[in-house]
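1. show me how the following folds:
(one chain, ligands or ions: 1)
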Amino acid sequence: MKKIIIAIDGHSSCGKSTLAKALAKTLHYAYLDSGAMYRAVTLYFLNTGADYHDGAQVEEALRHISIHFERVDGHNHTFLNDVDVERDIREMRVSEHVSPVAAISAVRRAMVKQQQAMGKRRGIVADGRDIGTVVFPDAELKIFLTADSDVRASRRHLELAAKGIDASWDDILRNLEERDHIDSTREDSPLKKADDAVVIDNTLLSEEEQHARALGLARGRIAEINEA
Ligand code: CDP
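-> So this is what the prediction gives:
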């Protein structure tokens, strides 16, 4: 049975990772959280005090950054230089800096290279901003997710509270809108819908409805690829 690549792109906190994880689980595919990689790079800058506005310091930092994923208690955890940073990368201080860091071409080149290596054997669901446009332009299924920003802020507020991370709803909303703006207007790999992506607005959809819709699309593509 041939496997496919599923690319899920979209705005900040619109449920991409929830959908990607659920699809990966149902299809027995790998899950790639590309945003976690940009968050880990950002955490490195914040923790070391290196200046990401300085090209030489960025190049030097990238030589010392190694990111990998591991399953911990059944969940996907992000490791930065062999330290589990899954909780730290979700903090607001990282969210406040991640979009400027992710706009740096040298950072993107390094991350995209690693992401493409992870998709070599297909059988992967990846979520991010440029997955269907840059990382895997040949993905067999591309989904562009979106939702109203108020709903997205409320979902993120709940998600952070569940992790014990304190952040105000207003700060979350402001951060989401700011990141959407930076991510969509940057020069290198801006967030945009791939021409061949299917749009799903999940403002009024439950997780189950969203999963069912995407799974239907995925099964359809897998059948087509295997019949060909
Ligand atoms: O989960 P949330 O929507 O908050 O964002 P994320 O997927 O964790 O991504 C964090 C940030 O990383 C985004 O706001 C983008 O600036 C950047 N990113 C990117 O540039 N390209 C990707 N493929 C994924 C994330």
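
2. Gly35 is in contact with Asp130, isn't it?
-> No: Gly35 lies out of contact with Asp130 (C-beta atoms under 8 Å); the separation is 10.8 Å. Every C-beta, even on glycine, is put in place using the N, C-alpha and C of the backbone.

3. who's more crowded, these two?
-> Taking neighbours as other C-beta atoms under 10 Å, Gly35 and Asp130 compare with Asp130 leading, 25 against 19.

4. right, and that one touches Leu191 too?
-> Yes: counting by C-beta under 8 Å, a contact exists between Asp130 and Leu191, whose distance comes to 7.0 Å.

5. hey, what's in contact with both of these two?
-> Asp9 (C-beta atoms under 8 Å, 6 or more residues apart in numbering).

6. is stretch 85-105 up against the ligand anywhere?
-> Yes: if you take C-beta under 6 Å from any ligand atom as the test, stretch 85-105 does meet the ligand, through 98-99, 102.

7. what does that stretch contact?
-> By C-beta under 8 Å, 6+ apart, the residues outside stretch 85-105 that reach it are 35-36, 38-43, 45-46, 52, 58, 72, 75, 77-80, 107-108, 129, 160, 163, 165, 167, 171-172, 175, 178-179, 182-183, 186-188.

8. quick one: mean pLDDT over that stretch.
-> The average pLDDT for stretch 85-105 rounds to 98.

9. from one end of that stretch to the other, what's the distance?
-> Taking C-alpha to C-alpha, to the nearest Å, stretch 85-105 runs 23 Å from one end to the other.

10. same check, this time on stretch 122-133
-> Stretch 122-133: ends 16 Å apart by C-alpha to C-alpha.

11. next: stretch 82-93.
-> 21 Å.

12. equivalent analysis for stretch 156-167, please.
-> Stretch 156-167 end-to-end distance (C-alpha to C-alpha) = 10 Å.

13. buried set for that stretch?
-> 156-157, 159-160, 167 (16 or more other C-beta atoms under 10 Å).

14. and those, which two are furthest apart?
-> Glu159 and Ala167 (10.2 Å; C-beta to C-beta).

15. still on that earlier bit, just the contacts of stretch 85-105: which are in strands?
-> Mapping the contacts of stretch 85-105 onto strands (DSSP state E) picks out 72, 75, 77-80.

16. quick one on the thing from earlier: would you write a ChimeraX line that selects the buried entries of the contacts of stretch 85-105?
-> Command for ChimeraX that selects the buried part of the contacts of stretch 85-105, burial taken from 16+ other C-beta under 10 Å:
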select :35,36,38,39,40,41,42,43,45,46,52,58,77,78,79,80,107,108,129,160,167,172,175,179,182,183,186
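
17. out of the contacts of stretch 85-105, which are close to the ligand?
-> 35, 38-39, 129, 179, 183.

18. from those residues, which is closest to the ligand?
-> Set against the ligand, the nearest of these by C-beta to the nearest ligand atom is Gly35 (2.1 Å).

19. in contact with the closest one, which residues?
-> 17, 98, 127-129.
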